[in-house]
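*Asks:* Attaching a predicted model along with its sequence, questions to come.
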Amino acid sequence: QVQLVESGGGLVQAGGSLRLSCAASGRTFWDYNLGWFRQAAGKEREFVAAISRAIGTYYAESVKGRFTISRDNAKSTVYLQMNSLKPEDTAVYSCAAKPGSFNSYIASSPRAYGDWGQGTQVTVSS
């Protein structure tokens with residue numbers, strides 16, 4: 001089990017950038033696959049991006065080419081660099097962790113993840 005704490009959210013104009021961070025506690029961070037999800041007001045949670053233990057990456061079509069996920073195992077942190085932000089990117093962004101097997105199907109399924117952070121608000125103004 002890992003505890004996850006997100007940071008880096010805020011208010012930004014359309015076209016701007018933000019970098020979200022998710023710091024994890026626990027000595028086996030390197031053994032976890034990590035994902036970013038978001039939930040806009042009144043909508044279901046949706047997959048944004050994920051990175052495996054082997055540094056394989058997965059992205060939702062809506063963010064490909066604009067968002068980049070990365071991890072720093074030495075700092076037990078996963079990042080989400082968000083560029084060219086759009087108003088429709090406005091949501092609460094949460095990170096999640098999952099040990100064990102991982103593929104594109106598992107990566108995009110919220111139910112696959114056992115540990116979640118509290119989330120950080122991202123608001124993109126037009």
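*Replies:* Yep, it's here. Numbering: from 1, shown residues only.
*Asks:* Show the contacting residues for the residue nearest to the spatial centre of the chain.
*Replies:* Central residue of the chain (CA atoms, centre = their mean): Trp36, 2.0 Å from the mean position. Contacts for Trp36 were tallied using CB atoms under 8 Å, 6 or more residues apart in numbering; they are Leu20, Cys22, Val48, Ala49, Ala50, Ile69, Val78, Leu80, Tyr93, Ser94, Cys95, Ala96. Placement of C-beta: from N, CA and C, glycine included.
*Asks:* what about it, distance to Arg27?
*Replies:* Computed as CB to CB, to the nearest Å, the Trp36 to Arg27 distance reads 23 Å.
*Asks:* for Val2, same thing?
*Replies:* 9 Å.
*Asks:* Which positions within the one helix or strand in the chain whose mean pLDDT sits lowest qualify as buried?
*Replies:* Lowest on mean pLDDT, DSSP states H and E among the helices and strands of the chain sits helix 104-107, with a mean of 94. The neighbour-count check on helix 104-107 (16 or more other CB atoms under 10 Å) flags Ile106, Ala107 as buried.
*Asks:* List the neighbouring strands of whatever helix or strand comes next after that helix plus their orientation.
*Replies:* Scanning forward in sequence from helix 104-107, with DSSP states H and E defining helices and strands, the next element found is strand 115-116. For strand 115-116, the paired strands and their directions (DSSP bridges) are strand 91-99 (antiparallel).
*Asks:* Show residues contacting the strand it pairs with.
*Replies:* Judged by CB under 8 Å, 6+ apart, the contacts made with strand 91-99 from elsewhere in the structure are 2, 4, 6, 9, 20, 22, 24, 28, 31-41, 43, 45, 48, 78, 80, 106, 110, 112-122.
*Asks:* per-residue confidence averaged over it?
*Replies:* When the per-residue pLDDT values of strand 91-99 are averaged, the result is 97.
*Asks:* Extract the C-alpha set from it and format it as PDB.
*Replies:* As requested, the backbone C-alpha atoms of strand 91-99 are provided in PDB (Å, rounded to 0.1, in the frame of the first residue of the first chain):
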ATOM      1  CA  ALA A  91     -11.400  18.700 -13.500                       C
ATOM      2  CA  VAL A  92     -10.100  17.300 -10.300                       C
ATOM      3  CA  TYR A  93      -7.000  15.300 -11.100                       C
ATOM      4  CA  SER A  94      -6.100  12.300  -9.000                       C
ATOM      5  CA  CYS A  95      -3.200   9.900  -9.100                       C
ATOM      6  CA  ALA A  96      -3.500   6.200  -8.400                       C
ATOM      7  CA  ALA A  97      -1.200   3.200  -7.900                       C
ATOM      8  CA  LYS A  98      -1.300  -0.400  -8.800                       C
ATOM      9  CA  PRO A  99       1.300  -3.200  -8.300                       C
END
